[in-house]
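Peer 1: after the sequence you'll find the predicted model.
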Amino acid sequence: MTTSTDTPGTPSTPGTPHIRHRDGRRVRPTGGRTRVLPVESPAQLCERLPLTYHATHTVMTARHDAVRVLDGRDDRLLVIAGPCSVHDRAAALDYASRLRDAAAALADDLLVVMRVYVEKPRTCLGWPGLVGDPGLDGGADLGRGLAEARSLMLDIAETGLPVGCEWVNPATPAYLSDVVAWGSVGARTASSQVHRDMASGLPMPVGVKNGTDGSVQVAVDAVRAAAAPHTFLGASGAGPVSVLRTSGNPDCHVVLRGGADGPNYGAAHVRRAAELLTGAGLPVRVVVDASHGNSGKQHERQRVVADDLAMRIADGDTTVRGLLLESFLVPGRQDAGAGRQLVFGQSVTDACLGWSGTVQLLRELAGAARARRASCPRPRRAADPGSAVLGTTPFLERT
Ligand SMILES: O=C[C@H](O)[C@H](O)COP(=O)(O)O
Ligand SMILES: C=C(OP(=O)(O)O)C(=O)O
């Protein structure tokens with residue numbers, strides 16, 4: 001085989017040779033499909049936008065408390081609420097200040113984390129989120145996206161409200177993970193080795209969704225895999241690809257989000273998930289996503305899911321440790337696109353509950369946590385909360 005540079009073609013990397021087979025046929029080059037563009041290193045961005053004292057306090061306290069809630073050592077409910085995706089800083093901060101006030105008022109019963117989802121996995125194609133396309137115009141200025149995402153997360157954490165997000169690209173945590181109190185591996189990536197490796201090194205509790213097909217086993221496998229140490233190639237703070245060795249993340253948990261075969265927030269589904277976890281030798285920690293497959297993506301149906309869970313929790317169910325809600329200022333959703341006039345505070349991805357509906361649900365969930373506390377004899381210390389028996393997990397007193 002010989003190489004030639006006079007063959008027509010569009011190599012996108014300068015210097016990529018065109019290929020001519022020895023029989024004279026032109027061979028389409030298979031390389032050159034990726035252009036490499038520079039971007040600020042994680043260390044540079046973190047130095048430019050450092051974690052402040054207050055934000056550090058928010059993050060560390062929330063991570064610690066979230067683990068205790070998930071383990072049943074804190075009898076509150078973990079509620080991760082916020083827009084499906086953030087696209088507009090002003091609207092996200094407006095929502096955050098309302099959520100922070102509601103969270104403070106309900107702090108005895110709920111541990112509230114704001115969804116600040118800056119990366120979106122897509123079923124096929126679509127807007128990739130603030131990091132991938134901060135201009136919502138296809139410009140894909142990732143350098144700007146990372147900076148905007150970090151700055152927004154920092155400002156929210158600075159107010160005392162912890163933030164949570166889904167980790168989609170394994171290079172992103174190096175830029176943002178120090179600001180994040182709770183993370184997620186989504187339904188589209190739960191079976192991905194890359195995401196399991198990544199979760200094993202994240203310094204926060206990570207909720208792994210069941211698959212879009214409804215498989216909970218895939219999430220259980222991911223939780224088990226992420227609890228173990230891994231060694232893999234990845235982005236480090238200094239930028240270049242490095243060998244990363246993780247110690248394993250013992251704080252991962254399953255998130256039931258429904259799937260192609262319907263919702264899975266019902267008592268029987270939760271029981272089944274708990275059995276799978278126990279069978280895998282894992283602690284029974286279950287969080288339910290009221291949206292996605294559980295709401296059939298009809299935002300108002302999140303109420304039905306949350307009402308049902310609130311009733312079961314008030315009746316003493318201790319298996320469900322938390323809920324995810326998709327909520328923003330204005331209910332519903334809208335299409336984004338270059339030059340479009342957008343409604344302030346309305347989702348550009350999945351439809352969300354509006355603010356008043358959200359507050360109502362938060363109060364209801366707080367009431368359920370209170371009722372559960374009243375019906376549970378306390379304090380009951382579990383010798384090993386990790387080996388909790390389904391539905392009868394004793395809560396330890398919050399300290
Ligand atoms: O949570 C948001 C969406 O459900 C997820 O990103 C997939 O979106 P899509 O099916 O519209 O691509
Ligand atoms: C994409 C999300 O969820 P899922 O992975 O369950 O579809 C999400 O929570 O934004």
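Peer 2: Thanks, I have the structure now. Ligands and ions are numbered 1, 2, ... in the order given.
Peer 1: can you give me phi and psi for the closest residue to ligand 1 within the stretch 151-300 of the chain?
Peer 2: At 5.8 Å from ligand 1, His292 is the closest residue in the stretch 151-300 of the chain, using Cβ to the nearest ligand atom. Using the backbone N, CA and C atoms, a C-beta is placed for each residue, glycine as well. Main-chain dihedrals, His292, degrees, to the nearest 10: phi 50, psi -130.
Peer 1: spatially nearest residue to it (excluding sequence neighbours)?
Peer 2: With sequence-adjacent residues excluded and distances taken as Cβ to Cβ, 6 or more residues apart in numbering, His292 is closest to Arg257, at 4.4 Å.
Peer 1: my read is that the one you found contacts Asp289, right?
Peer 2: Yes. Counting by Cβ atoms under 8 Å, Arg257 touches Asp289, with 3.9 Å between them.
Peer 1: more neighbours: these two, which one.
Peer 2: Between Arg257 and Asp289, Arg257 has the larger neighbour count (other Cβ atoms under 10 Å), namely 30 against 27.
Peer 1: before we move on, the earlier item: pull the number of nearby residues for the residue of the stretch 151-300 of the chain closest to ligand 1.
Peer 2: That count, for His292 with other Cβ under 10 Å as the rule, works out to 24.
Peer 1: ok, Pro83 next?
Peer 2: Around Pro83 there are 26 residues (other Cβ under 10 Å).
Peer 1: then Arg272?
Peer 2: 14.
Peer 1: pretty sure Gly183 belongs to a helix, no?
Peer 2: No. Counting by DSSP: H, G, I helix; E, B strand; the rest coil, Gly183 is located in no helix; its state is strand.
Peer 1: and the residue lying closest to it once chain neighbours are set aside, what does it touch?
Peer 2: Excluding the flanking residues, the one nearest Gly183 by Cβ to Cβ, 6+ apart is Val206, at 4.5 Å. Going by Cβ atoms under 8 Å, 6 or more residues apart in numbering, Val206 touches 167, 182-185, 199, 226, 249, 251-253.
Peer 1: per-domain residue ranges of this protein.
Peer 2: 1-36, 41-387 (automatic domain parsing).
Peer 1: those domains: which one's closest to ligand 2?
Peer 2: Across these, closest to ligand 2 is domain 41-387 (Cβ to the nearest ligand atom), at 2.9 Å.
Peer 1: any regions of this protein where pLDDT drops low?
Peer 2: 1-19, 28-31, 239, 377-399 (pLDDT under 70).
Peer 1: show me which residues of it are close to ligand 2?
Peer 2: 84, 117, 121, 166, 186-188, 209, 257, 289, 292 (Cβ under 6 Å from any ligand atom).
Peer 1: most neighbours among these, which one is it?
Peer 2: That'd be Arg257 among those, by other Cβ under 10 Å, with 30 neighbours.
Peer 1: strands of the stretch 251-399 of the chain, start to end?
Peer 2: Listed in chain order, the strands of the stretch 251-399 of the chain (DSSP state E, counting those that start in this stretch) span residues 252-256, 286-289, 320-326.
Peer 1: got the ones you listed as a markdown table, with distance to ligand 1 columns?
Peer 2: Shown next, in a markdown table, are these (distance: least, Cβ to the nearest ligand atom, whole Å):
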| stretch | distance to ligand 1 |
| --- | --- |
| strand 252-256 | 12 |
| strand 286-289 | 9 |
| strand 320-326 | 7 |
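Peer 1: rewinding a little: need the overlap of contacts for Arg257 and Asp289.
Peer 2: What both Arg257 and Asp289 touch, as defined by Cβ under 8 Å, 6+ apart, is the set 209, 324.
Peer 1: quick revisit: Ser236: which of the residues of the chain next to ligand 2 is nearest?
Peer 2: The nearest member of these to Ser236, counting by Cβ to Cβ, is Glu166 at 21.4 Å.
Peer 1: once you drop chain neighbours, what's closest to the closest one?
Peer 2: Ser184 (4.3 Å).
Peer 1: the one you found - how many residues pack around it?
Peer 2: Every residue meeting other Cβ under 10 Å relative to Ser184 is counted, giving 27.
Peer 1: tell me which of the contacts of Val206 is nearest to Val320?
Peer 2: His253 (11.0 Å).
Peer 1: and the nearest residue to the closest one once chain neighbours are set aside, how far from His54?
Peer 2: Spatial nearest neighbour of His253, chain neighbours left out: Arg285 (3.9 Å); criterion: Cβ to Cβ, 6+ apart. Distance of Arg285 to His54, given as Cβ to Cβ, to the nearest Å: 29 Å.
Peer 1: ok, Asp307 next?
Peer 2: 35 Å.
Peer 1: now Val343
Peer 2: Counting by Cβ to Cβ, the gap from Val343 to His54 is 32 Å.
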